[in-house]
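K.L.:
I would like the atomic coordinates for the input below:
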Amino acid sequence: MTPKSVIILAAVTAAAVAGAAAALNSERGFTQQTASGPVFPGLIDKVNEVAKIAVDHKDGRYSIVRGADGVWSVPESDGYTANQGQAKKIILQMADLKLFEAKTAKPDLYNRLHLEDMKKKDTQARRVRLYDAKDGAVAEVVVGKKRYNLPGTLREGAYIRKPGDPQTWLARGEIDVPTDVKSWLRNGILNIREEDVATIDIRHPDGEVIKITKEDPKAKHFTLHGVPEGKKLKYDSDPGNIASVVEDLELDDARKEGHVAFDDNNTLSAVYTSRSGLIAKLWLTKVNDAEWLKLEVSAKPDAPAPKEGAKSAAEIAKRVTEWTRGWVYRIPDFKAQRLRRNMAEMAVDKKAGS
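P.N.:
From the prediction side, this is the model:
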């Protein structure tokens, strides 16, 4: 076969493959029509006008609103302060979205891109709507699957469609639409490092008292006091796990105080005292399988002076009190389970001869 024949054969083969791919895409209801330009022309000039973000997903909906002071909050969490960066981020992400390639316009194929009707029970689509201060619509989009292999320097994209328009698109750009309210809230509550904890006093609803200490900060493990005769710790790490509850303590949700009742017969109380002089009082109760916590933080009068550049115990206590006063928090189950560990769960029978 001559070189010329090889070139012709290669060209014919390439054309055939391309034709087959096009035919297959056509059969599937997809197209290869490329496009460019912003998904929402002019939105980049209106980002500061957006005063409300509404997100719908299969489990419900939530919204994030901007107050007159410019601070974002979440009405579904009784107006608790939102994650300001996350609120601003999604507006900019929508403004930055660029059309890349037209996809199917057939509703029965939307589910392949996770762009199906929002009313479907198990829909994986998420709808984002932006409004101005007068509740006027600014932009709206249904977001589906992500793509990570687009050509060019910006390789991330997502499948989208605009409600009312049957055409779906692959858009270039990043867009993150969390479906859990936690991601939209300012989620830090308290952070006392485990190694800073000196004593812990816990009272369980049934009256049992647990006391844990670490006198020497260099000691490997915390000490659980009152282990019954003939018993020993099942895991040396158990007391330390309880100490770590107040380290990076974050919320899953927040409500105004009064949302749940902290009845004495159903509430665990705990007092954590730190070497730096912080005293954290916690109350934990369980309602409908959800663990709810309220807290008070103060500073010991004789708290040691902070290291250079660090905040004093009094300053930390004041700041934590300012954002937690009047609020109760749903906390992660694993944190609550650690705090609820009782003596029977932590102590086991000693083996003969041990």
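K.L.:
Let me know how buried residue 188 is, in neighbour terms.
P.N.:
Counted with other Cβ atoms under 10 Å, the neighbours of residue 188 add up to 13. Glycine gets a C-beta too; all of them are placed from N, C-alpha and C.
K.L.:
what separates it from residue 140, distance-wise?
P.N.:
Remark: distance between residue 188 and residue 140 (Cβ to Cβ, to the nearest Å) = 32 Å.
K.L.:
Check the offset of stretch 111-122 from the chain's centre.
P.N.:
Distance, stretch centre to chain centre, for stretch 111-122: 23 Å (Cα atoms, centre = their mean, to the nearest Å).
K.L.:
Then stretch 186-195?
P.N.:
That offset, for stretch 186-195, works out to 16 Å (Cα atoms, centre = their mean).
K.L.:
Start and end of it, how far apart?
P.N.:
One end of stretch 186-195 sits 25 Å from the other (Cα to Cα, to the nearest Å).
K.L.:
same question, stretch 38-48
P.N.:
Terminal-residue distance, stretch 38-48 (Cα to Cα): 18 Å.
K.L.:
Can you list the buried residues in that stretch?
P.N.:
By neighbour count on 16 or more other Cβ atoms under 10 Å, the buried set for stretch 38-48 is 38-40, 43.
K.L.:
So what touches that stretch?
P.N.:
91-92, 94-99, 130, 132, 138-139, 141, 160, 169, 171 (Cβ atoms under 8 Å, 6 or more residues apart in numbering).
K.L.:
I figured residue 194 hits residue 244, correct?
P.N.:
Yes: counting by Cβ atoms under 8 Å, residue 194 sits close enough to residue 244 to count as a contact (4.4 Å).
K.L.:
more crowded one of the two?
P.N.:
Comparing residue 194 with residue 244 by other Cβ under 10 Å, the one with more neighbours is residue 244, at 19 against 16.
K.L.:
what residues are up against the more buried one?
P.N.:
194, 338.
K.L.:
Helix, strand, or coil at it?
P.N.:
Counting by DSSP: H, G, I helix; E, B strand; the rest coil, the backbone at residue 244 sits in helix.
K.L.:
Relative to residue 324, how far out is it?
P.N.:
Using Cβ to Cβ, we find residue 244 at a distance of 19 Å from residue 324.
K.L.:
next one: residue 267
P.N.:
Taken as Cβ to Cβ, the span from residue 267 to residue 324 is 17 Å.
K.L.:
cool, residue 259 as well?
P.N.:
Taken as Cβ to Cβ, the span from residue 259 to residue 324 is 14 Å.
K.L.:
can you pull out the helices in the stretch 51-200 of the chain?
P.N.:
Using DSSP state H, counting those that start in this stretch, the helices of the stretch 51-200 of the chain run over 84-96.
K.L.:
shaky segments in it?
P.N.:
Within the stretch 51-200 of the chain, no range satisfies pLDDT under 70.
K.L.:
What segments of it are strands?
P.N.:
60-66, 72-74, 80-81, 98-102, 126-132, 137-147, 157-161, 168-172, 188-190, 197-203 (DSSP state E, counting those that start in this stretch).
K.L.:
okay, the angle between the first one and strand 126-132?
P.N.:
Angle, strand 60-66 to strand 126-132, by axes from the mean of the first three to the mean of the last three Cα atoms, to 10 degrees: 30 degrees.
K.L.:
Give me the residues contacting strand 60-66.
P.N.:
50-55, 72-76, 82, 87, 181, 184.
K.L.:
hmm, back to that, which of the contacts of stretch 38-48 tops the neighbour count?
P.N.:
residue 94 (28 neighbours).
K.L.:
quick one: that one and residue 79, what's the gap?
P.N.:
The value you get for residue 94 to residue 79, if Cβ to Cβ is used, is 24 Å.
K.L.:
Make a markdown table from the buried residues of stretch 38-48 and add pLDDT, secondary structure and distance to residue 329 to it.
P.N.:
Rendered in a markdown table, the data for these read as follows (pLDDT from 0 to 100; DSSP: H, G, I helix; E, B strand; the rest coil; distance: Cβ to Cβ, whole Å):
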| residue | pLDDT | secondary structure | distance to residue 329 |
| --- | --- | --- | --- |
| 38 | 95 | strand | 39 |
| 39 | 96 | coil | 37 |
| 40 | 97 | coil | 36 |
| 43 | 97 | helix | 35 |
